[in-house]
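Asker: Return atomic coordinates for the entry below.
(one chain, ligands or ions: 1)
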Amino acid sequence: MKSFHNLSEYKIIVTGGAGFLGKNVVRKFGEEGVPSENIFVPRSKDYDLRRESAVERMLNDFPADILVNLAAKVGGIGYNMENPGVLFYDSIIMGVNLIEQARLHDVKKFVAVGTVCSYPKYCTVPFKEDDIWNGYPEETNAPYGLAKKALLVQLQAYRKQYGFNGIYLIPVNLYGPGDNFKPESSHVIPALIKKFDDAVTERKDSVSIWGTGNASREFLYVDDAAEGIVKATKLYKKEDPVNLGSGMEISIRELTTLIAQETGFEGEVSWEKTKPDGQPRRCLDVSRAIEEFDFKAKTPFEEGLKKTIEWYRANKDSIY
Ligand SMILES: NC(=O)c1ccc[n+]([C@@H]2O[C@H](COP(=O)([O-])OP(=O)(O)OC[C@H]3O[C@@H](n4cnc5c(N)ncnc54)[C@H](OP(=O)(O)O)[C@@H]3O)[C@@H](O)[C@H]2O)c1
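Answerer: From the prediction side, this is the model:
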């Protein structure tokens, strides 16, 4: 398989490149010396990647050497419960179309970005890549997680039959400046920041939170995730999937206390125990990324959280 040490020589498509993670990935490619005219970010209004004809047109318009696929519909637990059909269909059909057309257009490297939601509900902690097939995912995110995991099979099959150079990365939950704070689709960190910030502004003395608080999560700062993706694009060429995480683990209860403190909320927190917790625990084994392409997350969690809250407070009037 070909190496991509000097990325500045290549034309790169970043699907989803205008999204939360995508903007950071595009910036990192720029920092690696890739000129802006060598990076193409297709927008959904111009190229609906659920249509194979649009994917074909995109690759004719911009014949890329490398394709990084970040396009997806993404959301927190409430969004996942309300949109299982969209999440399954969009994730799988965009991936299938992109991998097939990339093969037909002689793309030299395909970087697929999966999700921690693909792991079995009760996976041994820390989650090792080799355990990804050992059980059904947690029900609220199974359609999304399984659709994304099927793309790992497609890439491995294409490698075997066609020698197609596709790699597969599995990021854990992301957070950071620029995250989605819309209540109908946000993930847990932006949802909690908004709740507590609203409570402080509106002088509320109590806030209620979904679930029991007992579930745990790992979080990776978005800038670190982007660095991991760029490093893997340059250096990783094997068929085995690779986790992208920070290796930390925090309970939702501890996370809630931390965000309440950081936002200055001093009232009561109550737990809506009839609402789902989602997967009981999440924490990735991050050793393969260190061994294979020297990726280790840098941002301490409290520092990343502070930056995220600062960003939200500076931008909240313009993001809805
Ligand atoms: N956020 C997380 O915590 C997390 C964790 C693990 C993995 N991931 C993965 O990381 C990737 C990026 O996530 P994100 O949080 O950055 O999501 P995001 O901000 O919602 O960005 C997703 C992008 O996908 C594009 N897209 C959606 N439907 C499309 C379509 N039909 N045709 C073309 N483009 C389409 C959108 O482009 P337009 O703006 O042009 O509509 C959007 O900018 C996803 O693959 C996700 O599964 C995310």
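Asker: okay, CA-based contacts and neighbour counts for the rest of this
Answerer: Noted.
Asker: Can you list the residue ranges for helices in the protein?
Answerer: According to DSSP state H, the chain carries its helices in the segments 20-31, 52-61, 77-82, 84-104, 142-162, 188-201, 222-235, 252-263, 287-293, 301-315.
Asker: Can you tell me which of those is most buried?
Answerer: Among these, ranked by average contacts under mean count of other C-alpha atoms under 10 Å, first place goes to helix 222-235 (a mean of 22).
Asker: Run through the residues that contact the spatially closest residue to L21 that is not a sequence neighbour.
Answerer: For L21, ignoring the flanking residues on the chain, the nearest one in space by C-alpha to C-alpha, 6 or more residues apart in numbering is V222 at 6.2 Å. If a contact means C-alpha atoms under 8 Å, 6 or more residues apart in numbering, then V222 has 20-21, 24, 174-177 as its contacts.
Asker: per-residue confidence for the spatially closest residue to Y119 that is not a sequence neighbour?
Answerer: Beyond its immediate neighbours in the sequence, the residue positioned closest to Y119 (C-alpha to C-alpha, 6+ apart) is I132, lying 5.0 Å away. In the prediction, the pLDDT value recorded for I132 is 98.
Asker: quick one: pLDDT of the residue nearest to I309 when sequence neighbours are not counted?
Answerer: Using C-alpha to C-alpha, 6+ apart and skipping residues adjacent in sequence, the residue nearest I309 is I193, 6.7 Å away. Predicted confidence (pLDDT) at I193: the value is 98.
Asker: What of Y10?
Answerer: At Y10, the pLDDT value in this model is 98.
Asker: hang on, isn't it packed against D65?
Answerer: Yes. Checked against C-alpha atoms under 8 Å, the pair Y10 and D65 is within contact range at 5.9 Å.
Asker: can you redo the contacts of V222 as JSON lines with distance to the ligand and pLDDT?
Answerer: JSON lines is the format used below for those (distance: C-alpha to the nearest ligand atom, whole Å; pLDDT from 0 to 100):
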{"residue": "F20", "distance to the ligand": "4", "pLDDT": "98"}
{"residue": "L21", "distance to the ligand": "4", "pLDDT": "98"}
{"residue": "N24", "distance to the ligand": "9", "pLDDT": "98"}
{"residue": "L174", "distance to the ligand": "4", "pLDDT": "98"}
{"residue": "Y175", "distance to the ligand": "6", "pLDDT": "98"}
{"residue": "G176", "distance to the ligand": "9", "pLDDT": "98"}
{"residue": "P177", "distance to the ligand": "12", "pLDDT": "98"}
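Asker: coming back round to it: the more surrounded of Y10 and D65?
Answerer: Neighbour comparison, Y10 and D65: the larger count goes to D65, with 19 against 16 (by other C-alpha atoms under 10 Å).
Asker: tell me the contacts of the more buried one?
Answerer: If you count contacts by C-alpha under 8 Å, 6+ apart, D65 has them with 10-12, 106-109.
Asker: got the residues of this protein near the ligand?
Answerer: Residues of the chain that fall close to the ligand, judged by C-alpha under 6 Å from any ligand atom: 16, 18-22, 43-44, 47-50, 70-74, 113-115, 171-174.
Asker: Among those, which are located in strands?
Answerer: Within those, residues falling in strands by DSSP state E are 113, 171, 173-174.
Asker: Kindly reformat those as a markdown table containing neighbour count.
Answerer: Listed next are these as a markdown table, based on neighbours: other C-alpha atoms under 10 Å:
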| residue | neighbour count |
| --- | --- |
| V113 | 24 |
| P171 | 24 |
| N173 | 24 |
| L174 | 20 |
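Asker: Among the residues you listed, pick out the one closest to V153, please.
Answerer: The shortest separation between V153 and any of these is 13.2 Å, and it belongs to V113 (by C-alpha to C-alpha).
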